[in-house]
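In: predicted model follows, preceded by the sequence.
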Amino acid sequence: MLKLRRNIVSVIFVIAAIFHSVFALADVPTTVNTESIIANSPNNWLSYGKDYKEQRYSELDKINVGNVADLSLAWSFDTDFNRGLEATPIVIDGVLYVTGNWSVVYALDARSGELLWKYDPKVPKEWAKMACCDVVNRGVAAYEGKIIFGTLDARLIALDSVSGEKVWEVPTADLTAYPYTITGAPRVAKGKVFIGNGGAEYGARGYVSAYDVNTGEQLWRFYTVPGNPADGFENDAMKAAAKTWTGKWWEYGGGGTVWDSIVYDDELDQLYIGVGNGSPWNAKVRSPEGGDNLYLSSIVALNPDSGEYIWHYQETPAESWDYTATQHIMLADMDVKGEQRKVIWHAPKNGFFFVLDRISGKLLSAEPFVDVNWASHYDLETGRPVETENARYLDDPKMVRPSSMGAHNWQAMAYSPQTGFVYIPVINSIFEYKAVDDYLHQWGQWNLGVYIQQQAVADPILSQLLTSKITQGSLLAWDPVKQQAAWEVPHKLTWNGGLLATAGGLVFQGSAEGEVLAFRADNGEKLWSFEANTGVMAPPVTYTVDGEQYVTILAGWGGAFGLIAGLEKEVSPPPSRVLTFKLGGSAPALPENPLKQMHEPPARLTEDKDVLEKGRNLYYAYCSACHGTEAISNGAIPDLRHLPKAFHDNFNAIVLDGVMKKAGMVGFADVLSEEDAFMLHAFILEQANIDKESRAQSSWLITIKEWFYGILAKLIGFAVSLS
C-alpha cells in the first residue's frame, strides 16, 4: 500500500511538472527571428505580411461569420497628426507597434491602447516636399528585441522594443545626390534588414540595401537601373541592364525605386523585390532610342546573403505609365497543369494578375483583373505584353487604362486557403497621358515627362462627382488557378484599404468613405461595418491576448490619391487613429469631426484667361500633389481656397521665400519668379471665388445642380468606361 501511495504521489508530481512546464512556456516572451516568423504563430502578427509568404491569412476564428455582427470598438488611440495612415501593426505578446505620420513610432498595449512609449525621429518638415505621396509610413519590422523602421528622410533606425531607446541609426542615402525618401516597411530575415526607398518622381536611381540587424552596418546594395557607363558598372547585372537603355539616361536618374514590396522566401532562400517606375515616366525622354529599360517594373530575385542577381521578370517593358511592380508580392504553392509549382502571385499597377514560377521567374500566366486598354494579352512564349495602338503617347495624347494610380496600388492583398481566393483592393481608372513638349529636369521637383493635369472642370460640385465616376474602387475576389474573378463588391470611392482574411470565413477592409467592413470570404456578403469618421487605407491585422481575439486597423485619409483627388468634406479631418475591435467591445463612440472653417477669399486678381491657364499649369506642376486637384484639398493639408486673408497678404513670402518651411511649406524661389507667383495666386483666387459663389447659391439651385451634374457625371463615367 505504501509503495502504491508513493507511485501515485510520483505520478502527481510528474503531472504537476508537466503542467508547470506548459504554463512556464506560455509565459516565455516571443523571440522574433527568422524561425519564429516562419512558425507563424496565429496569436501574434510578427511580420509585415504576417509571415514570409505574406498571404495575410489568420488562423484565428473566434470572430467569425456567425458572430461578427457583435464586433464593436474595444479601444482607440489618437496619433499626433491628421494625415494618411498606411501602416500594418506588428503585435508581439500583447504589445502593438505602429508608425504614424512623419515616421513617428508608437508602442501600445494591445489590450487597452495605452501608450507605452513613443519615438519621434524628428524628420525635417521641409523634406515632405520630396515625398511624392504624403508623409506616410507602412510600418516597422521586429527582430531579436529590436523595432526597426525607415524615416521619410531616408534613415534606418533600430529601437529597443521594451524601452523605445535608440539602438542604432544609419543613413540609407546621400540626400545631396538624390531626393530619396522611405515610406515602406523594412523586412528582416537571417539577421539582415532589407530596405529600399522612394524618389523616382524626382529623378532618383533605385536600389535595395541590406543592413546588419545588430549594428546597422551596410552589408550589400543592389541597384535596379544602371548608372553612368563611364563610372563602370557595379556588377554583371548592371552591365546587362545597360544594354537595354539608350541616350544619357543616368542624367535623369532612371528611377526603379524599391519603395514597397520586399519578400524573403525561406523555402528557396531567395529575396524578391518589386521594382518601380521609370524616371521620368515618359520612356522617350529617358531612353530616346528605345529599349526595355531593365530592371524597371520588374520582379527581381536576389541572393539575400550577398545581394547577387538570380533572375528577373519584367512585367512592363519600356515602362511609360508609372506602372510600378512594387505592389504586394505573395508566395504560394499551386497546381499548374497538373504539376505542383512554387509561385509568386502579383497584381501590379498595370492591371494583369501574374503567376510566376519563383524558382526561375518564368511567366506561367497573366490575365487582366480590371479594364485594360494598353495591352491585349501576354505572349506566354516570350513573356511579353502585346501592346495596343493606344499604349504609347509619343505624338498624340492617349486615354489609357489603368491610370498612373494603377489597377492596384500599395494596399495589401490577402489570401484565404478556405476559399482559394486572393482578395485585391482594386482601382478601375483612366488617365490622359500627354508628353511634355520641352522637358526640363529640375532637381527636387516632379519630373514626369508628361502633363499631370487633366481637362479642367470649373464647377467644384461637378469636379467632385467626376472624381467618383471616372475612378472607381472595389473589393475583388480573384481565383488564381482559374485566373478569373469569383465575386466583386463595388465601393463608392476608390483608394480603399488593404485586406485581411481569417479562418472565421471573413475578409476585413477599410474604405475611402470612412468605414471598417467585414465580408463573407466565400461570396462577398457584407456582414458588419463601423463608421471611422475618416477614410481608411491601411490593412487590418488580428491577434489574441489572454485568449481574446482582436482586430486592429489604422484610420487616416491621405496618401497619393487622398491628397491629389480633391475629395472635400464639410468637416475637418479628425486625428489619425488606431482602432481596435473585439466581440462585445465597450469603448465610447468616436467624437464627431468639427466643421471646417471657411474664410472669405479676397477678390479675383484678374479675369485674363491666358494668365489663369498659366497659373493652372504652375499649380499642377508645383502644388497639386499636396493641395489637390483644382485646388480642392481633403483638409489635412490646407485648402488654398479657404485660407485666412493673412496668407494671401503674404503669398510671395510663403510661396517664394519659404517663411513657413518649418511647417513643411517650402519656398519655390529657385524655380518660380514673381510673375509666376502672381499667375499662381490668380488661379487659386479664381478657384476660391468660384467656390464662394457656388456656396452662395440658393439651396434649391444647388440641389438641382447636384442632380443635373450627377446625371452628367454618370454619362461621362459611362462613356469613359467604354474607352
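Out: Yep, it's here. Quantities reported herein were computed from a predicted structural model and do not represent experimental measurements.
In: which elements pack onto the helix or strand residue 688 falls within?
Out: Using DSSP states H and E, residue 688 falls within helix 674-696. When contacts are defined as 3 or more Cβ pairs under 8 Å, 6 or more residues apart in numbering; DSSP states H and E, helix 674-696 packs onto helix 460-470, helix 609-622, helix 651-655. All C-beta spots, glycine's among them, are computed from the backbone N, C-alpha and C.
In: is residue 37 in contact with residue 45, as I believe?
Out: No. Under the criterion of Cβ atoms under 8 Å, residue 37 makes no contact with residue 45, lying 10.5 Å away.
In: what about the two, which has more around it?
Out: Just comparing residue 37 and residue 45: by other Cβ atoms under 10 Å the higher neighbour count belongs to residue 45, 28 against 25.
In: from memory that one sits against residue 540, does it?
Out: No. Checked against Cβ under 8 Å, the pair residue 45 and residue 540 is beyond contact range at 10.0 Å.
In: mean pLDDT for the helices and strands packed on helix 674-696: which is lowest?
Out: Confidence, taken as mean pLDDT, is least for helix 460-470 of the helices and strands packed on helix 674-696 (a mean of 58).
In: distance of the nearest residue to residue 590 once chain neighbours are set aside from residue 512?
Out: Sequence neighbours aside, residue 533 is the residue nearest to residue 590 in space, at 5.4 Å (criterion: Cβ to Cβ, 6 or more residues apart in numbering). Residue 533 sits 13 Å away from residue 512, going by Cβ to Cβ, to the nearest Å.
In: the more surrounded of those two?
Out: Comparing residue 533 with residue 512 by other Cβ under 10 Å, the one with more neighbours is residue 512, at 24 against 20.
In: check what pLDDT that one gets.
Out: For residue 512, the pLDDT comes out at 94.
In: any idea whether it is helix, strand or coil?
Out: When classified by DSSP: H, G, I helix; E, B strand; the rest coil, residue 512 comes out as coil.
In: what residues are up against it?
Out: By Cβ atoms under 8 Å, 6 or more residues apart in numbering, residue 512 lies in contact with 473, 491-497, 535-537, 557, 562, 567.
In: roughly how far does it sit from residue 390?
Out: 28 Å.
In: please apply the same query to residue 354.
Out: Applying Cβ to Cβ, the value for residue 354 to residue 390 is 21 Å.
In: just for the stretch 251-400 of the chain, where's the confidence low?
Out: Of all residues in the stretch 251-400 of the chain, none has pLDDT under 70.
In: what about the strands in it?
Out: Taking DSSP state E, counting those that start in this stretch, the strands of the stretch 251-400 of the chain run over residues 254-255, 262-265, 270-274, 278-279, 298-302, 309-314, 329-336, 339-346, 352-357, 363-368, 375-379, 384-387, 398-400.
In: adjacent strands (with direction) for the last one?
Out: Translated: strand 398-400. With DSSP bridges as the test, strand 398-400 is paired with strand 431-433 (antiparallel).
In: any idea of the mean pLDDT for the partner strand?
Out: Here strand 431-433 scores 91 as its mean pLDDT.
In: got a list of what the spatially most central residue of the chain touches?
Out: For the chain, the residue nearest the mean C-alpha position is residue 410 (3.3 Å; Cα atoms, centre = their mean). Residues counted as contacts of residue 410 (Cβ under 8 Å, 6+ apart) are 86, 138, 260, 326-328, 559.
In: want to throw these into JSON lines with distance to residue 284 and neighbour count?
Out: Listed next are those as JSON lines, based on distance: Cβ to Cβ, whole Å; neighbours: other Cβ atoms under 10 Å:
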{"residue": "86", "distance to residue 284": "32", "neighbour count": "30"}
{"residue": "138", "distance to residue 284": "32", "neighbour count": "24"}
{"residue": "260", "distance to residue 284": "26", "neighbour count": "25"}
{"residue": "326", "distance to residue 284": "23", "neighbour count": "29"}
{"residue": "327", "distance to residue 284": "25", "neighbour count": "23"}
{"residue": "328", "distance to residue 284": "30", "neighbour count": "30"}
{"residue": "559", "distance to residue 284": "29", "neighbour count": "24"}
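In: right, and the strands of the stretch 251-400 of the chain - which one's nearest residue 120?
Out: strand 262-265 (25.2 Å; Cβ to Cβ).
In: all helices of the chain, in order?
Out: Using DSSP state H, the helices found in the chain span residues 2-27, 34-39, 236-242, 283-286, 460-470, 559-564, 609-622, 624-627, 645-649, 651-655, 674-696, 699-721.
In: hey, least reliable of the ones you listed by pLDDT?
Out: Of all the helices of the chain, helix 2-27 has the smallest average pLDDT, which comes to a mean of 43.
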